[in-house]
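> missing the sequence, but the structure's below:
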Ligand SMILES: [Fe+2]
């Protein structure tokens, strides 16, 4: 710790010794500068600052009041003690008014007070300095932070606004802000009313997004945070922050627009591919669309995320696309297929997967198509998938596919009907089909679900 720097202003060498003797026991690390005439005094007050100044009142070349004023003018925070035997009450009062920190009568019974006074004044001075530093830092932060900060009256009148907020509001004259209300900036007054309502109810509002109109007419997007400052149970004022999020909002709107554009493009492409495969095969016309219709409803009731739901929707519309590799006469054969023909049909999930994996879709559609004839016990095709290796999306698609296929007419058999289909999937819960998916599927039919009419582009051209 640096030594205590004391300036001792007294023309009497005995008195200066007396002060040094009084302080030395308590402040061992002390550096005393003696000012006993004009030259030594002037040199001292033109040099480095002191931690404390102790001055007599009567000086050969000046007096304690002049010393006090000079020191305070030079170092406003430097404490000054007057230690004198020649002052009086009026002098003490005048000195206190001029900023004197303590007045001690130079008499033996007060000597012990000197050290106590120095200690307490130094402590006070340190506290004041720390407080000033903290205030300066807060002030600097308020003025320099790149976020709008404000204080409002309970009626919304602006009491304080930092420079960033003034610039965000399009205000160049800082005094103008005190004539304005926070609500003046909201493009839509309903948003301001909603913000106030939430603040009133919740006491804290964060990231409330609204559009603002600046004083220069330019509109910007902002996010307002606020909290209530209460005193004695009543709202004293609101404090908070405002952030300009115009660029962020524009980017979000652009991303949203791109997303919907992409989604429309994907939907159109999926629809086109799905229709193409159905043009080839009149008997499965509309099959994929109707499987999608049921699969989407099942997916909506399952505990899966939106990416999985979207995967189910797309995969269901394309799941039989691999049948393009199966000769048409096999697909439309009115009799049972022989082993060779059935072997060809069994390839379609793999072919579908191989076609779709080259399309860079943001969903794992190809993998779900690959697994749509897999069964939990491993008896489906292609082989190699069983139990947990079969995704939830594929389990949903499988159930919807079986139910739709059994409910509809096929070249080699008449429609078996929905009841038979539901019995089939229920019988094979756990062995072939996922129990949760079957349960949800049955609920959907129990609530009156019916497949759309099996009309396809192909049948429309007949
Ligand atoms: Fe299939």
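On my side now, so go ahead. Computed from a predicted structure; not experimentally measured.

> show me where the stretch 1-150 of the chain has helices.
For the stretch 1-150 of the chain, the helices defined by DSSP state H, counting those that start in this stretch cover 13-23, 38-45, 64-74, 89-97, 111-144.

> shouldn't residue 440 be in contact with residue 301?
Yes - Residue 440 is in contact with residue 301 according to C-beta atoms under 8 Å; the separation is 4.8 Å. Yep, even glycine has a C-beta here, placed from its N, CA and C like the rest.

> Please identify which of those two sits among more neighbours.
Taking other C-beta atoms under 10 Å, residue 440 and residue 301 do not tie; residue 440 has more neighbours (18 against 15).

> quick one: the strands in this structure?
Secondary structure of the chain (DSSP state E): strands at 4-9, 30-35, 52-55, 80-84, 102-105, 148-152, 158-161, 204-213, 219-231, 234-244.

> roughly how far is the third one from the heart of the chain?
When C-alpha coordinates are averaged (C-alpha atoms, centre = their mean, to the nearest Å), strand 52-55 and its chain have centres 55 Å apart.

> now do the second one
Averaged C-alpha coordinates place strand 30-35 at 57 Å from its chain's average position (C-alpha atoms, centre = their mean).

> can you list the residues that contact it?
3-10, 16, 20, 23-24, 40-41, 43-45, 50 (C-beta atoms under 8 Å, 6 or more residues apart in numbering).

> hmm, back to that, how about the strands of the chain in TSV, adding mean pLDDT, mean neighbour count and distance to residue 191?
Output for the strands of the chain, formatted as TSV (pLDDT from 0 to 100; neighbours: other C-beta atoms under 10 Å; distance: least, C-beta to C-beta, whole Å):
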stretch	mean pLDDT	mean neighbour count	distance to residue 191
strand 4-9	94	22	60
strand 30-35	93	18	64
strand 52-55	95	27	58
strand 80-84	92	26	57
strand 102-105	91	19	58
strand 148-152	96	20	16
strand 158-161	94	18	17
strand 204-213	96	16	4
strand 219-231	95	17	9
strand 234-244	94	18	13
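
> closest to residue 350 out of these?
strand 204-213 (49.0 Å; C-beta to C-beta).

> list the helices and strands the closest one packs on?
Strand 204-213 sits against helix 189-202, strand 219-231, with contacts defined as 3 or more C-beta pairs under 8 Å, 6 or more residues apart in numbering; DSSP states H and E.

> among the ones you listed, which is nearest residue 257?
Taking the helices and strands packed on strand 204-213 one by one with C-beta to C-beta, strand 219-231 is closest: 16.0 Å.

> Dump the strands of the chain into CSV; add distance to residue 322 as well.
As requested, the strands of the chain are arranged in CSV below (distance: least, C-beta to C-beta, whole Å):
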stretch, distance to residue 322
strand 4-9, 91
strand 30-35, 94
strand 52-55, 93
strand 80-84, 96
strand 102-105, 97
strand 148-152, 59
strand 158-161, 66
strand 204-213, 47
strand 219-231, 48
strand 234-244, 52
